[in-house]
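1. Could you work out the structure for the sequence below:
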Amino acid sequence: MLFAAAMAAFSMSATAGGLLTNTNQNIRFNRMFARNGTIGIDGVYSNPAGVAFLSNGLHLSLNNQSAFQTRTIWSGLEVKGMEGTPYHRPFTMNGGDENGIKKFKGEASVPFIPSVQAAYNLDKWGFQAGFSIAGGGGKCTFNHGLGSFERTVSMLPMALAKFGLTSDAPSYSVESYLMGRQYVFGFQLGATYKITPDLAVYGGFRFNYITNKYEGNIRNITANIGGQNENVYNYLGLMSTQLADGIERLALAALKEENEAVRQAYEQKIQELTIQQRTVAGAQAMVADRYLDCTQTGWSIAPIIGIDYRWNKWNFAARYEFTSRCNIENDTKIDDTGLFADGVNTPGDLPGLISLGAQYEILPNLRAAVGYHYFLDKHTHMADNKQKLLKGNTQEFLAGIEYDITDAIQVSVGGQKTNYGLGDGAYLSDMSFVTSSYSLGFGAGIKVAKNATVNVAYFWTTYDNFKKSYDQTVELAGNKIETACTDEFTRTNKVFGIGLDLDF
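-> Sure, this is the predicted structure:
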């Protein structure tokens, strides 16, 4: 059940932005970040109204980014009332440290994250189109599972001891695996209109197509029983068969027995063995191999409006992306968890975004810019109303500088600070987590022809460590067990990008 609940929350993003949104849709962003109030073809995403001030004609930007990310979780577990026994900190029996903390790591490598922006300006009017990976962006794999997978399994030696299956050196092992892949493909269309030579507005929308894929398993659960490492499912199956055979033999003996007292004793023993056999069979079902193969799809539409105003050496811009409502439908091939029924829909909205930006021309060849993002996370509908666990909405602060070394070579550097409204961390799980962070990026634009510029950039993100502590009640072998759990989360993220801008 823990495995299934965790997988239901899985999501991954190999790029930059809010909880569910990628904002790095162009290499110019990667090398400067604060593109909210600048004028360029990348504005089709970051400042669509400002694109109106490009020259008449067709403008095109082709981009690809490669992202490399890790997710690391240090999970801890203590069983209350078991102090002084090997069962107090169960993870120590399978690779955890002396404090009962075990490290779980997932890796994501996404070599191809494309985006395209196009605009055609004709005097006061302009028309735009764009394609991007608006959310998600790749596949993340945990080859050794997660703490939420293993916590219940780690208490198996303690449960076996209650059956009298003890060991001088209790231990366990489990093979677990999880792969999650998530893409939100965004197709954007819109138009601009110049009200005055220095004031432009934009109206458009983004069509989002969501596709998620989850594959996972928990199998081959073993434990030390009587000094031997045993497959627990097979061992309990043998026990169940032996008990069933014993019940059958006693039942036959009871039928042949003429002494009433002896026959009643047989029947009493049959009742006792029947209870034991049902308990063992139930325990065996709990440690059976389990698999999941589920694909989810859905779509949504987000209206977008924007405005840009030029004043002397300043440029100011704002855009508002509406929250897009979405239901995601399961297409399930295998579901041993019982929680991913085929055809069931769950909410998966993409949050609205308020974006503000400004740029100032310090010198004819030197510009500075700042930006601000405010994601309306708490106004979305998520599975199980997960948005209610957030303390507040995501905020991002951006700044960057751009310098023209020559007419053909331009360099820039920028940074972004992201603050998530995580509160006490109840929103986070080891399957789906973010932590507040800062990103730094740099790069260059090189004009290789009169109408062609190549952009290259690199940025990395440094994430905070976030630790949460919580109590859990686990039902195991018919008993309710009180536990104290901890999870400490962090991530790494590195992105390299190259793009080509063309003007016709």
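
2. how many other residues sit next to Gly357?
-> 25 (other Cβ atoms under 10 Å). For glycine as for every other residue, the C-beta is placed from the backbone atoms N, C-alpha and C.

3. should've said Asn56
-> Asn56: 10 surrounding residues under other Cβ under 10 Å.

4. And for it, nearest residue in space, chain neighbours not counted?
-> Asn121 (5.0 Å; Cβ to Cβ, 6 or more residues apart in numbering).

5. Give me the pLDDT for that neighbour.
-> pLDDT, Asn121: 97.

6. now do Thr418
-> At Thr418, pLDDT is 96.

7. Quick check, it in contact with Thr462.
-> No: Thr418 lies out of contact with Thr462 (Cβ atoms under 8 Å); the separation is 10.6 Å.

8. Next one: Gln220 from Asp336, what distance?
-> Gln isn't right for residue 220; it's Asn. Asn220 sits 14 Å away from Asp336 when distances are taken as Cβ to Cβ, to the nearest Å.

9. now swap in Asn47 and tell me
-> Applying Cβ to Cβ to Asn47 and Asp336 gives a distance of 48 Å.

10. right, and the helix or strand after the longest strand anywhere in the chain?
-> Looking across the chain with DSSP state E, the single longest strand is strand 199-225. The element immediately downstream of strand 199-225 (helix or strand, assigned by DSSP states H and E) is strand 228-231.

11. Quick check: buried residues in the very next helix or strand once past that following strand?
-> Downstream of strand 228-231, the first helix or strand assigned by DSSP H and E is helix 232-256. Buried positions in helix 232-256, judged by neighbour count with 16 or more other Cβ atoms under 10 Å: Val232, Tyr233, Tyr235, Leu236, Gly237, Met239, Ser240, Leu243, Gly246, Ile247, Leu250, Ala254.

12. and the two most separated of these?
-> Maximum pairwise distance among those (Cβ to Cβ): 32.2 Å, between Val232 and Ala254.

13. Leaving out sequence neighbours, find the closest residue to Gly136.
-> Spatially, and ignoring its direct neighbours in sequence, Gly136 is nearest to Gln182 (3.3 Å; Cβ to Cβ, 6+ apart).

14. Which pLDDT value goes with Gly478?
-> At Gly478, pLDDT is 68.

15. ok, of the buried residues of helix 232-256, which one's closest to Val51?
-> Once Cβ to Cβ is applied, the member of the buried residues of helix 232-256 that ends up nearest Val51 is Tyr233, at 61.0 Å.

16. Please list all residues in contact with Lys269.
-> Leu250 (Cβ atoms under 8 Å, 6 or more residues apart in numbering).

17. element containing it?
-> Lys269 belongs to helix 260-286, assigned by DSSP H and E.

18. how far off helix 232-256 does that helix point, in degrees?
-> Computed by axes from the mean of the first three to the mean of the last three Cα atoms, to 10 degrees, the angle separating helix 260-286 from helix 232-256 equals 160 degrees.

19. buried ones in helix 260-286?
-> Tyr266, Ile270, Leu273, Thr274, Gln276, Gln277, Thr279, Val280, Ala281, Ala283, Gln284, Met286.

20. now stretch 64-71
-> Result for stretch 64-71 [16+ other Cβ under 10 Å]: buried residues Gln65, Ser66, Ala67, Phe68, Gln69, Arg71.

21. chain center to it, what's the gap?
-> Centroid displacement of stretch 64-71 relative to its chain, using Cα atoms, centre = their mean, to the nearest Å, is 14 Å.

22. What's the per-residue pLDDT of Asn30 here?
-> 96.

23. does the closest residue to it other than its chain neighbours have beta-bridge partners, and which?
-> Spatial nearest neighbour of Asn30, excluding adjacent residues (Cβ to Cβ, 6+ apart): Ala457 at 3.6 Å. Beta-bridge pairing for Ala457 (DSSP bridges): Gly443, Gly497.

24. one step back: between the helix holding Lys269 and strand 199-225, how many degrees?
-> 140 degrees.

25. other SSEs contacting whatever helix or strand comes next after helix 260-286?
-> Next helix or strand after helix 260-286 toward the C-terminus (DSSP H and E): strand 290-311. In this structure, strand 290-311 packs against helix 2-8, strand 199-225, strand 314-321, strand 327-335, with contacts taken as 3 or more Cβ pairs under 8 Å, 6 or more residues apart in numbering; DSSP states H and E.

26. who wins for proximity to Ala368 among these?
-> Smallest distance to Ala368 across the helices and strands packed on strand 290-311 (Cβ to Cβ): 10.8 Å, for strand 314-321.

27. what residues does the closest one touch?
-> 36-39, 47-50, 202, 206, 302-310, 352-361.

28. That strand: which residues count as buried?
-> Counting neighbours by 16+ other Cβ under 10 Å, strand 314-321 gives Asn315, Phe316, Ala317, Ala318, Arg319, Tyr320, Glu321 as buried.

29. And that strand, how far out from the chain middle?
-> That offset, for strand 314-321, works out to 29 Å (Cα atoms, centre = their mean).
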